[in-house]
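A.B. asks: for reference, the sequence and a predicted model appear below.
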Number of protein chains: 2
Amino acid sequence: MEIDNLKNIIDEYLKNYFANKNSYNKTVYESAAYSVNIGGKRIRPILLMLTYSLYKDDIKKVLPIAAAIEMIHTYSLIHDDLPCMDNDDLRRGKPTNHRIFGENIAVLAGDALLNEAMTLLMKSSLQLEKNVLKASYEISKAAGPEGMIGGQVVDVLSEGKEISKEELEYMHKKKTGELIRVSIVSGGILANVPSRDIEALNEYGKKLGLAFQIKDDILDVIGTEEELGKAINKDTELNKTNFITVYGLEKCEELCKILTEECIKILDNLSVDSSLLKELTYNLLNRLN
Amino acid sequence: MEIDNLKNIIDEYLKNYFANKNSYNKTVYESAAYSVNIGGKRIRPILLMLTYSLYKDDIKKVLPIAAAIEMIHTYSLIHDDLPCMDNDDLRRGKPTNHRIFGENIAVLAGDALLNEAMTLLMKSSLQLEKNVLKASYEISKAAGPEGMIGGQVVDVLSEGKEISKEELEYMHKKKTGELIRVSIVSGGILANVPSRDIEALNEYGKKLGLAFQIKDDILDVIGTEEELGKAINKDTELNKTNFITVYGLEKCEELCKILTEECIKILDNLSVDSSLLKELTYNLLNRLN
């Protein structure tokens, strides 16, 4: 299964998921669908399905769980972009959700996506074996106040003041890292892999998540608005601490390379051939947007 | 088990749930705890536990599921009160969440409560038997875009314009009714009651939810800000359609009585003694706040 092919399957599933709703509440589906289908890279669901595919063939089975993670990611972006949060007008080169649908519907579309993701996870848990519920529980925890939301809280509170290296690392580990880590680990849980591999996948996920965030900070400084499809130098503007302000650009690029190599080393020690995950790892760390 | 006693058990559980958090993210727990413990009537968790108690004795077992519903209810109030939604300054006689913690933390505290409710439901589903997962799935659906969020969307969109009776009924059935209905039905699912009783509880839940909302609309007109602990005449102010504007006060009070009697009739036909639920039904429909 090629990575592009996986992305197409996920795109297709998500496109159909919110289509043809036609009751009084249809605006919330239009708003949710707008952000879900605006052209994300689908990194998290691809990571889940790719990890699963290293061990098992029936990848379509885990598609709803992968899609649920993308819904959670999308809701977090919609709420992040709100005027009371980062106040962003542009996301993936298009107007942000609240710029099209208004703040009130944007809040509700975010709520709906989080809620729908959980409904989908529970539905899959009812239909399939117990591992799905285990993975769902891990995903829910990783998305919550001890995971992604926790990081977001620190991010919001850090605006306009300097924070320590420890707090910066906490913030990024949680805000970006947790959902990436749990995508990979869930792939393993769903494939029922030996605990030795789960631990390795967990380590790989943590390192990849951190490298991904450092790369994000690098791109925020060296990328263009056109390449990234969103405002650049956002952190400087909001006077936020990030990896660049703490370590400098050169050191960050070095850190990124080291983490990538450590990721590859972990993948080399898995009990299965992991060349596809290696390819994706290099893609993510060499990306331009 | 007396109703007041149940309320105390729920209050205690929720008070402890968010206590003693002390990491970088603690603000989100403080914000969530503020709204959770501000003095709600706990109607939904009481309904779940009371329904369960008609059939089974070990009510503490379903406490986490009941608490999860209260968390979902609380998150919806925090987001409802936001400046971009109803822009309310007062809730239960106290400043609304965003007036204390700021809009950004209020959005995140709402997200955290919804997410945490789902995590709690999944955790309970992993620990207990399959009925818990079934109830959790029903709760998640009832809270989502086909349930509570769907009603909220219509509510937001109806501001400043007249809507049809059908749309008004859709809005209230979903916005208030669904979470009340599912609290009752979940109590039945968790107690593993015969399908005949599940259907009766579902009907009872629908009627109670509707009566509850009509009573809310009545109190918005005849109540005082002091009694209700929130702004009154809110719907008139925002030029919203509600049951009073459509049917008038007298007809609404009659409707409320008729629905209450229908509720009692359904409860009379259950396979168990339901006097406690009857007591609660009368309490809710005769309430002053």
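C.D. replies: Okay, I see it. Numbering: from 1, shown residues only, chains lettered A, B, ... in the order given.

A.B. asks: residue A:173 and residue A:206 touch, don't they?
C.D. replies: Yes: the criterion here is Cβ atoms under 8 Å, and residue A:173 meets it with residue A:206 at 7.3 Å. C-beta coordinates here come from the backbone N, C-alpha and C atoms, glycine included.

A.B. asks: in the host helix or strand of residue A:208, which residues are buried?
C.D. replies: Residue A:208 belongs to helix A:195-222 when elements are defined using DSSP states H and E. By neighbour count on 16 or more other Cβ atoms under 10 Å in any protein chain shown, the buried set for helix A:195-222 is A:197-198, A:200-221.

A.B. asks: determine how far that helix lies from the middle of the whole chain.
C.D. replies: Here helix A:195-222 shows a centroid-to-chain-centroid distance of 11 Å under the convention Cα atoms, centre = their mean, to the nearest Å.

A.B. asks: same question for stretch A:166-182.
C.D. replies: Worked out by Cα atoms, centre = their mean, stretch A:166-182 lies 11 Å from the chain centre.

A.B. asks: do the same with stretch A:107-127
C.D. replies: Centre to centre, stretch against its chain (Cα atoms, centre = their mean), the figure for stretch A:107-127 is 16 Å.

A.B. asks: that one and chain B in contact?
C.D. replies: Yes: contact of stretch A:107-127 with chain B is found when judged by Cβ under 8 Å from any Cβ of the partner chain, involving A:107-108, A:110-112, A:114-116, A:118-119, A:121-123, A:125-126.

A.B. asks: with stretch A:96-105 instead?
C.D. replies: Yes: part of stretch A:96-105 sits near chain B under the criterion Cβ under 8 Å from any Cβ, namely A:102, A:103, A:104, A:105.

A.B. asks: mind listing what the third one touches?
C.D. replies: Contact partners of residue A:104, counting by Cβ atoms under 8 Å, 6 or more residues apart in numbering or on different chains, are B:84, B:85, B:156.

A.B. asks: is the last one in contact with residue B:85, as I believe?
C.D. replies: To tie it back to what came earlier, the one meant is residue B:156. Yes: the pair residue B:156 and residue B:85 passes the contact test of Cβ under 8 Å, sitting 6.6 Å apart.

A.B. asks: in terms of neighbours, single out the busier of the two.
C.D. replies: Neighbour tally, residue B:156 and residue B:85, criterion other Cβ atoms under 10 Å in any protein chain shown: the higher count belongs to residue B:156, 21 against 18.

A.B. asks: mind checking pLDDT for the more buried one?
C.D. replies: Per-residue confidence (pLDDT) for residue B:156: 92.

A.B. asks: any idea which element it lies in?
C.D. replies: In this structure, residue B:156 is located in helix B:148-157 according to DSSP H and E.

A.B. asks: which strands or helices does that helix pack on?
C.D. replies: In this structure, helix B:148-157 makes packing contacts with helix A:26-36, helix A:103-127, helix B:63-81, helix B:165-172, helix B:178-190, judged by 3 or more Cβ pairs under 8 Å, 6 or more residues apart in numbering or on different chains; DSSP states H and E.

A.B. asks: least reliable of these going by mean pLDDT?
C.D. replies: Averaged per stretch, pLDDT over these is lowest on helix B:165-172, reaching a mean of 91.

A.B. asks: who touches that helix?
C.D. replies: Residues from elsewhere that reach helix B:165-172 (Cβ under 8 Å, 6+ apart): A:23-24, B:151, B:154-155, B:158, B:163, B:210, B:213-214, B:241-243, B:246.

A.B. asks: now swap in stretch A:197-204 and tell me
C.D. replies: When contacts are taken as Cβ under 8 Å, 6+ apart, the neighbours of stretch A:197-204 outside the stretch itself are A:51, A:181, A:184-185, A:187-189, A:193, A:263, A:266-267, A:269-272, A:277.

A.B. asks: doesn't residue A:145 belong to a helix?
C.D. replies: No: counting by DSSP: H, G, I helix; E, B strand; the rest coil, residue A:145 is not part of a helix but coil.

A.B. asks: I'd say it and residue B:25 touch.
C.D. replies: Yes: using Cβ under 8 Å, residue A:145 is in contact with residue B:25, at 6.1 Å.

A.B. asks: overlap in contacts of these two?
C.D. replies: With Cβ under 8 Å, 6+ apart, residue A:145 and residue B:25 have common neighbours residue A:153.

A.B. asks: higher neighbour count, these two?
C.D. replies: A count of neighbours by other Cβ under 10 Å puts residue A:145 above the other of residue A:145 and residue B:25, at 28 against 24.

A.B. asks: so what pLDDT did that one get?
C.D. replies: With respect to pLDDT, residue A:145 scores 95.

A.B. asks: residue B:37 versus the nearest residue to it once chain neighbours are set aside, what's the distance?
C.D. replies: Residue nearest to residue A:145 in three dimensions, not counting chain neighbours: residue B:112, with 4.2 Å by Cβ to Cβ, 6 or more residues apart in numbering or on different chains. Plainly put, residue B:112 is 15 Å away from residue B:37 if you go by Cβ to Cβ, to the nearest Å.

A.B. asks: neighbour count winner among those two?
C.D. replies: The neighbour count for residue B:112 versus residue B:37, taken as other Cβ under 10 Å, is higher for residue B:112 (29 against 15).

A.B. asks: which residues of the stretch 151-289 of chain A lie near chain B?
C.D. replies: Residues of the stretch 151-289 of chain A that fall close to chain B, judged by Cβ under 8 Å from any Cβ: A:151, A:152, A:153, A:154, A:156, A:157, A:167, A:170, A:171, A:174.

A.B. asks: pLDDT weak spots in the stretch 151-289 of chain A?
C.D. replies: Filtered on pLDDT under 70, the stretch 151-289 of chain A yields the residue ranges A:228, A:232-233, A:235-238.

A.B. asks: now residue A:184: closest residue in space, sequence neighbours ignored.
C.D. replies: Taking Cβ to Cβ, 6+ apart, and ignoring the residues beside it in sequence, residue A:184 has residue A:205 as its nearest neighbour in space, at 3.9 Å.

A.B. asks: tell me the contacts of the one you found?
C.D. replies: Under the criterion of Cβ under 8 Å, 6+ apart, the neighbours of residue A:205 are A:47, A:177, A:180, A:181, A:182, A:183, A:184, A:185.

A.B. asks: alright, calling it a day.
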